[in-house]
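Engineer: build me a model from this:
(2 chains)
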Amino acid sequence: MKLSKFFVPTQKEVPSDAFAASHILSIRAGLFRLLTSGVYSVLPLGVIVKNKVEKIIREEMNAIGGNEFLLPALSPNELWNETGRLDDFGDIIFRIKNRELVLAPTHEEVFTSIAKPYINSYKNLPQMWYQIQTKFRNEARPKSGVLRGRQFTMKDAYSFDSTWEGLDASYELQDKAYRNIFKRCGLKFFSVSASSGAMGGTRSEEFMVESDAGEDLIALSEDGKYASNIEVAESFVETVARKNSNLKYEELHTPAIKSIDELAGFLGITDKSHLAKSRVFVIPAKSENEKDKYLLALVCGDDEVNETKLMKYYGANIRPGHPEELLEITGADAGSIGPIGLKNNNVEIVADFRLQDADELISGANKNDYHIKNIDFKRDVPGIKYNDLRVVKEGEYTKDKSSKLRVAKAIEIGHIFKLGTKYSESLHATFLDKDGRENPIIMGSYGIGIERIIASHIEQNHDGNGIIWEGEIAPFKLILINITPQNEEITKFCETLYDELSAANIDVLYDDREDLRPGFKFKDADLIGIPVHVIVGEKNFKNNQIEIKIRKSGERIIIDKNDIRGKINELVNA
RNA sequence: CGGGAUGUGGCGCAGUUGGUAGCGCACCUCGCUUGGGACGAGGGGGCCGCUGGUUCGAGUCCAGUCAUCCCGACCA
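Structural biologist: A predicted model of the protein is given here:
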């Protein structure tokens, strides 16, 4: 590709609304351009990188028996109602105003609807289906460039099996393929166990790239053996010691005390573990005949309630109570709520394992400006249940006490799920087994965000001068920079070299632009991050020499012009 | 959805008590320069987000509205 004919609008100004390195550099290097919030046009250089990522994905998907599909973005509301997900997704799903259609945020329903008429026998199974296609999600707050957009490209794959062992095998195949894909994309990544959220299913794993631009928090053990999304991470923690003092509980006047910190300050204590923090949650009624259920969750004052864990135990639609509801349910506002004296006596009370059978606890009195001390959960809170409800913290030990945890930010680049039969059951996609019995097809689903791979690669591979592409997804292997296009001899040499390299199928970008000073070309080459720069200018050429610069290390190699082809081959194949 | 902020040439920004809309970069022409985003001279380009109001007069004041960004909530 000749740069004189290649549309790459580089800019030296930093976009005023960009903060993440990948966002700034992908705009400055001319990969993407914002159209409207969360929606990006992919420019020619971006298309080249995207195509390279997609090529890798296709190769790895095909290698595990994948069949490539291309499904529509539009799909009928009816289909989404059959699985109940039109409601489950809520505002995240884009709805078409003048037809009963949605812009699909994912494709379990459509793939299953195709499997339904064709997959009727165990003899048709297993199947591995995938596509690379545009997804639409009405994100409340897009951010960080293409890292969270309202429209993005996803590789989504779906496995169909007749047995649970088959699902395990399909899942393993995808897991392996994902590792190959991310490795070939030049990413340093790891996988973490994760919550399957509204997707449903039994098990899921996320593939993560550690980055400050990430939105997920992950807990990692120092020995590298444990990695988990903070939403499901567990750690070893001592329970709050029971003192068996059998002190009678009594009310404390705590004027204007709202937070645990204020309470600790007011009482003059530093150990917050005996201050039981209360959070009220609502489990919305599933039908009109039922009533909403209420839940009071208690954790130690120095802990936070992990809402994902809570949802796992009590259902996916659980939500924090609104301020008016708190008053209605408990009799007090947030800050004065506790397990004793609740206004509504149908509130289920659940506490974190750390508080199991603890006594001498202090918690809200369900009366504004009052707390109660010497609460004994065993004695005073009959029917209390215990669960793991807390968010793990940096510095805690793993459950087996073998290693310490640290907490880091990460970008989710892929997610694999063992779905089970959720979709096949609701859409009646069944097959007959050997014994002629009808069974729902057992499914898995597997997603990769294409733009997130590109952004993550930039996050991990850049410096103050720009992007530093590595491995297979570099848009070009090398850039040939003609510093003096007005010098006919040099230009002729460059043209010949360019033609030869192109003929040899080496991805080469030729900076043949006229009327640009050398510094400008060097800056552009660094910014768009081509790994190898071949610099041809009068200074070296008059000595029959050519300079090669390695983008990553900054290393410069001066080489005889007759040896250039060999050196390029060596560098490009390295 | 709650809180905060910002909308002025392609990009980054200034614009005072209301009085002819400016600067840097980019762009065009000429000259000069050519190994790390040169320099000089000249030039083109603006429903000042939109709607309404106050005023002799609004980029500036008021009201509404839309958009964008940040924090939070939410998030297969």
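Engineer: any idea how many residues pack against A:Leu310?
Structural biologist: By other CB atoms under 10 Å, 21 other residues sit near A:Leu310. (Each C-beta comes from the backbone N, C-alpha and C, glycine too.)
Engineer: quick one, what contacts it?
Structural biologist: A:Phe281, A:Leu295, A:Ala297, A:Ile318, A:Val350, A:Leu389 (CB atoms under 8 Å, 6 or more residues apart in numbering).
Engineer: and with 7 Å instead?
Structural biologist: Shown in contact with A:Leu310 (CB atoms under 7 Å, 6 or more residues apart in numbering): A:Phe281, A:Ala297, A:Ile318, A:Leu389.
Engineer: contacts only, for A:Lys367.
Structural biologist: A:Gly331, A:Ala332, A:Ser336.
Engineer: state the helix or strand in which it lies.
Structural biologist: According to DSSP states H and E, A:Lys367 maps onto no helix or strand at all.
Engineer: up against RNA strand B, what does the stretch 301-450 of chain A have?
Structural biologist: For the stretch 301-450 of chain A, the contact set with RNA strand B under CB under 7 Å from any atom of the strand comprises A:Glu307, A:Pro320, A:His415, A:Phe417, A:Gly447, A:Gly449.
Engineer: mind giving me TSV with those residues and columns for secondary structure, neighbour count and pLDDT?
Structural biologist: Listed next are those as TSV, based on DSSP: H, G, I helix; E, B strand; the rest coil; neighbours: other CB atoms under 10 Å; pLDDT from 0 to 100:
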residue	secondary structure	neighbour count	pLDDT
A:Glu307	helix	17	87
A:Pro320	strand	16	82
A:His415	strand	21	93
A:Phe417	strand	26	91
A:Gly447	strand	23	96
A:Gly449	strand	24	95
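Engineer: out of the residues you listed, flag the one nearest to RNA strand B.
Structural biologist: Distance to RNA strand B across these (CB to the nearest atom of the strand) is lowest for A:Gly447, with 3.2 Å.
Engineer: any idea how far A:Cys185 is from that closest one?
Structural biologist: As judged by CB to CB, to the nearest Å, A:Gly447 and A:Cys185 stand 15 Å apart.
Engineer: related to what we said a few turns ago, so which of the contacts of A:Leu310 is the most crowded?
Structural biologist: A:Ala297 (26 neighbours).
Engineer: quickly list what that one is bridged to.
Structural biologist: On the basis of DSSP bridges, A:Ala297 is bridged to A:Arg279, A:Val350.
Engineer: that one against A:Val350, yeah?
Structural biologist: Yes: at 5.5 Å, A:Ala297 counts as touching A:Val350 under the criterion of CB atoms under 7 Å.
Engineer: now for these two: what residues contact both?
Structural biologist: A:Leu389.
Engineer: mind checking how far stretch A:549-556 is from the chain centre?
Structural biologist: Chain-centre distance of stretch A:549-556: 32 Å, with CA atoms, centre = their mean, to the nearest Å.
Engineer: list the buried residues of it.
Structural biologist: By neighbour count with 16 or more other CB atoms under 10 Å, stretch A:549-556 contains the buried residues A:Lys549, A:Arg551.
Engineer: what's the answer for stretch A:100-118, then?
Structural biologist: Using 16+ other CB under 10 Å as the test for burial, stretch A:100-118 gives A:101-116.
Engineer: closest one of these to A:Gly268?
Structural biologist: A:Gly268 has its nearest neighbour among these in A:Pro105, at 51.8 Å by CB to CB.
Engineer: so who does the residue nearest to A:Gly383 when sequence neighbours are not counted touch?
Structural biologist: Using CB to CB, 6 or more residues apart in numbering and skipping the chain neighbours, the partner closest in space to A:Gly383 is A:Ile349 (6.8 Å). Neighbouring residues of A:Ile349 by CB under 7 Å, 6+ apart: A:Leu296, A:Pro339, A:Val381, A:Gly383, A:Ile384.
Engineer: redo that, cut-off 6 Å
Structural biologist: A:Leu296, A:Pro339, A:Val381, A:Ile384 (CB atoms under 6 Å, 6 or more residues apart in numbering).
Engineer: against RNA strand B, how distant is the first one?
Structural biologist: Okay, so that is A:Leu296. 17 Å (CB to the nearest atom of the strand, to the nearest Å).
Engineer: list, one by one, the residues from the stretch 451-574 of chain A near RNA strand B.
Structural biologist: Counting by CB under 7 Å from any atom of the strand, the residues of the stretch 451-574 of chain A near RNA strand B are A:465, A:483-484, A:486, A:515-520, A:522-527, A:535-541, A:547, A:549, A:556.
Engineer: show me where the stretch 451-574 of chain A has its helices.
Structural biologist: For the stretch 451-574 of chain A, helices defined by DSSP state H, counting those that start in this stretch occupy the ranges A:488-503, A:518-528, A:538-541, A:564-572.
Engineer: then the stretch 101-250 of chain A?
Structural biologist: A:108-118, A:164-184.
Engineer: could those helices go into CSV alongside mean pLDDT?
Structural biologist: Listed next are these as CSV, based on pLDDT from 0 to 100:
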stretch, mean pLDDT
helix A:108-118, 96
helix A:164-184, 97
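Engineer: of the ones you listed, give the one that comes closest to RNA strand B.
Structural biologist: helix A:108-118 (8.9 Å).
Engineer: low-scoring stretches of chain A, by residue?
Structural biologist: For chain A, the stretches with pLDDT under 70 are A:195-202, A:286-287, A:315-316.
Engineer: domains in it, by residue range?
Structural biologist: If you go by automatic domain parsing, the domain ranges for chain A are A:48-233+A:407-458, A:250-387, A:476-572.
Engineer: can I get the ones you listed in CSV including distance to A:Gln11?
Structural biologist: Shown next, in CSV, are those (distance: least, CB to CB, whole Å):
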stretch, distance to A:Gln11
domain A:48-233+A:407-458, 15
domain A:250-387, 41
domain A:476-572, 9
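Engineer: among these, which comes closest to A:Phe7?
Structural biologist: domain A:48-233+A:407-458 (11.6 Å).
Engineer: and that closest one, end to end?
Structural biologist: Using CA to CA, to the nearest Å, one end of domain A:48-233+A:407-458 lies 15 Å from the other.
Engineer: list the backbone torsions phi and psi for A:Phe266.
Structural biologist: Dihedral pair for A:Phe266: phi -60, psi -40, per degrees, to the nearest 10.
Engineer: that one and A:Ile257 touch, don't they?
Structural biologist: Yes: shown here, A:Phe266 and A:Ile257 form a contact pair, counting by CB atoms under 6 Å, at 5.4 Å.
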